[in-house]
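# Have a look at this prediction, sequence included:
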Amino acid sequence: MATIAVPLGAEAESREPDVVARPALSEYLRWSVDHKIIGVQYGVASFIFFLVGGAMALLIRLELLTPELDLMVSGAAYNSLFTIHGTIMIFLFIIPMWAAFGNFVVPLQLGAKDMAFPWLNAFAFWLIPPAAVVVLLGYFVTPAEAGWTSYPPLSTLFSGDGQTLWALGAHLLGISSIMGSINFIVTILNMRPPQMTLWRMPLLCWAVLATSIIAVMATPFLAGALTLLLLDRVAGTTFFDAAGGGDVLLWQNIFWFYSHPAVYIMVLPGMGVLSEVLSVHSRKPVFGYRMVGLSSMGIAFVGFTVWAHHMFTSLQPELRIPFMITTMIIAVPTGIKMFSWLGTIWGGKIRFTSAMLFALGFMSMFVIGGITGVMLAALPFDIHVHDTYFVVSHFHFVLFGGSVFAIYAALYHWFPKVTGRMMNERLGRIHFVFTYFGFLFTFFPMHIVGMLGMPRRVAVYDPAFTSWNQLIGVSAFVLGFSTFIVIYNIIRSYYRGPIAGANPWRALTLEWATTSPPPVTNFADDPIPFEDPYGYGTEASAAYLEAVDAAFDRRGARA
Amino acid sequence: MTSAFDLREKPKTSQDRAAALRLKNNRLGMTIFQASWIMVFLALIVVNWQLRFSYAQWPPAGVAPFDPLLPTIATLALLVSAILVRRGWGSLRRRAIDAFSLNWRLAMALGIAFMMIIVFEFINVSEAALATQYGVTLRLMTGFHLAHALAIMAVMLRVYRGARSGAYGGGDAEGWAVEGTAKLWYFVVVAWLMFYLVLYWIR
């Protein structure tokens, strides 16, 4: 029998004010220890970096419209461009963007008043701007040319001082990531209300917990690798130089021990978002809740055993098969999630909101990214397409098709909670159409040119690939254009969107049991979570939602 | 301000509960930090290990193995200092400030002795060893560890002064600075034991 309890915060607040009370915009430019402010700071900063990194991607595609060098002055300039593009997108956009949603949503979902270490939280964020300045400064000095993976000897013998600045900036970002992750783990484990056991915790929290475990265990390896790289560059050591007794593959081993798990740092929170959005917008309980939570942990664990598949072509032959097997095994927990999501929406009352559309977009794209991942895990195929556009396509399906679609789903889902106003759904759907097809026609053809043999990281290519590259280029600009739609929607909705009310999606998790936006301490008193965060379709949940509605006098638009 | 209480007793007031939660968070946060940061040391061990395979033998031909005598003495000093740190922390919980001071001072003295020996080792790597990764990795690992030991020693000194001036009470919450610093020193010890074995004994 369910216990129906209105969150105390709701009772105490009693009525939603007519005018949305939001922090002044200047609050977001200052040091603040409020997790909600920090969440928005992360989000806005990351989105700006997304625009910068995206503009660079368009420059790359512009260059590749013809098989000759025309936009870039040299191949080295092209190398620098894709290096900074990858660095910005991974270190300054996707990873901090998940910190944005984690910061804003996780304490609210837990019914906590703030993160466990508010000061540390703010410090972790404020490390990012100087790190970004250092990295970007490097691009304008003598840029790094070794790609975001920075393989020696390219990064030691053939890159300018920008590579040193790149390593310093990455160091700072790594420290920020570790501090943020420690905060998430402690908050999630220690600051839940007594009624919320681990098995009643929202799945976004499970995903952030798994992500944070990966980050705290893997990121120090990146710190170790970067320290060696810096020493090789500035102190005359030869850790990566065979001529001095070093080992060029040493970097690859240590770097990928961090960077492959980092893929899951970039994807797992998105998977948590999917579980939230699909359940809420199809009014169905999450199918196989426990398995979804455990599969996040499974991905985190297995993610540490696959790094050497990035080195298949240089790996000792006897190690190839074991890493091939572990790489394929990671498809199992991922598959569990995919089937869970399908089971969740199956037979549900699906509302095709913008958030739902992007969540469904994630599923379709991530399946492609996952399947090509299994293809690449197969050694014979990997050797065939090694360093071709097939690989570029695969990881964009995972990281754009996965992360960015989930980021948009999260944006449309939680924007009302952050700002107190609804986003425009019509614009959201237009944004989805442009993003979906722009993305599909940008990255799917890369599979084909890759299998036909077009190498990655080249500005000059065989003219036989021109038509494909022109299709990809035009689609990339469509994708780029789609971003302006969401920017317009964000700005318009922030000022003129309909008032959202406390719980516009009629969701059961605790972030919706307080005002939108929430007050400084999140809840007026200790909130009581509903017994099942995804228990839609029951009398108890209906009664709970009615009680929340009554407490907040819900008004305003509803999708 | 935190109120003085012992976690073994159930906190009664909301202020005590908040302080208890803060302490619980601090302890878990410290544990996670230690588990995380030890991975950097582990990464350096992996570096050492992989570089060994660049050579036909380890130490490389023509390079004399490092003498473990002085590092062993340093390791013993470090281990004893950890015990003294633990005793000092326990003394403070019992509000025995004099006993705390004695233990903590001795621990710091042994820690400084450890660092001096390791600095000596760092400086006195032979030219032949430095021409190979055998000597370079020793400097890398000992130098990295020294940087941590030095930073945490500075924290120990600050905590010592604070305790002497009565900044920390007898309760768990008020004594967190001492507990946290002690745990950081344990971290220095564990990290060193790993390095010590790899650098001086495993060939």
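Happy to help now that I have it. Worth saying up front: this structure is predicted, and the values here are computed from it rather than measured. Numbers count the residues shown, from 1 in each chain, chains lettered A, B, ... in the order given.
# Show the pLDDT at residue 154.
Using chain A. Confidence at residue A:154, expressed as pLDDT, is 93.
# meant chain B, my bad for not saying
98.
# Pull out the buried positions in the helix or strand it falls within.
Element membership for residue B:154, per DSSP states H and E: helix B:133-164. If you call a residue buried by 16 or more other CB atoms under 10 Å in any protein chain shown, then helix B:133-164 has these buried ones: B:133-142, B:144-146, B:148-149, B:152-153, B:156, B:159-160, B:163. All C-beta spots, glycine's among them, are computed from the backbone N, C-alpha and C.
# Mind giving me the packing neighbours of it?
helix A:203-234, helix B:14-52, helix B:97-123, helix B:127-130, helix B:176-196 (3 or more CB pairs under 8 Å, 6 or more residues apart in numbering or on different chains; DSSP states H and E).
# Check the gap between the closest residue to chain A within chain B and residue A:304 for me.
Closest residue of chain B to chain A, CB to the nearest CB: residue B:43 (3.0 Å). Residue B:43 sits 13 Å away from residue A:304, going by CB to CB, to the nearest Å.
# Look at the two and report which has more neighbours.
Neighbours were counted for residue B:43 and for residue A:304 using other CB atoms under 10 Å in any protein chain shown; residue B:43 has more, 22 against 17.
# Would you agree that one is in contact with residue A:219?
No: if you go by CB atoms under 8 Å, residue B:43 and residue A:219 don't touch, sitting 10.4 Å apart.
# what about residue A:195, which SS state?
Secondary structure, DSSP: H, G, I helix; E, B strand; the rest coil: residue A:195 is coil.
# Do you know the pLDDT at residue A:8?
50.
# Disregarding flanking residues, what is the spatial nearest neighbour of residue A:82?
residue A:60 (5.8 Å; CB to CB, 6 or more residues apart in numbering or on different chains).
# for residue A:217, same thing?
Per CB to CB, 6+ apart, closest to residue A:217 is residue B:39, 5.9 Å.
# List the contacts of stretch A:35-48.
Residues outside stretch A:35-48 that contact it (CB atoms under 8 Å, 6 or more residues apart in numbering or on different chains) are A:23, A:27-28, A:32, A:92-94, A:96-97, A:99-105, A:107, A:114-115, A:118, A:121-122, A:125, A:128-129, A:132, A:418, A:517-518, A:522.
# do that again at 7 Å, thanks
Residues outside stretch A:35-48 that contact it (CB atoms under 7 Å, 6 or more residues apart in numbering or on different chains) are A:23, A:27-28, A:32, A:92-93, A:96-97, A:99-100, A:103-104, A:107, A:114-115, A:118, A:121-122, A:125, A:128-129, A:418, A:517-518.
# and stretch A:239-246, what's its mean pLDDT?
The model assigns stretch A:239-246 a mean pLDDT of 93.
# Say whether chain B is contacted by it.
Yes: using CB under 7 Å from any CB of the partner chain, stretch A:239-246 reaches chain B at A:239, A:245, A:246.
# Would you mind measuring from the second one to residue B:136?
Taking CB to CB as the measure, residue A:245 falls 8 Å from residue B:136.
# try residue A:157
As judged by CB to CB, residue A:157 and residue B:136 stand 18 Å apart.
# Same check on residue A:552?
Distance from residue A:552 to residue B:136, by CB to CB: 65 Å.
# In contact with residue A:239, which residues?
Listed by CB under 7 Å, 6+ apart, the contact set of residue A:239 reads A:228, A:231, A:232, A:246, A:250, B:47.
# mind checking the SS state of it?
coil.
# Can you list the low-confidence ranges for the chain?
The chain I'm using is chain A. Low-confidence segments of chain A (pLDDT under 70): A:1-20, A:553-559.
# was after chain B, sorry
Checking chain B against pLDDT under 70 turns up B:1-12, B:170.
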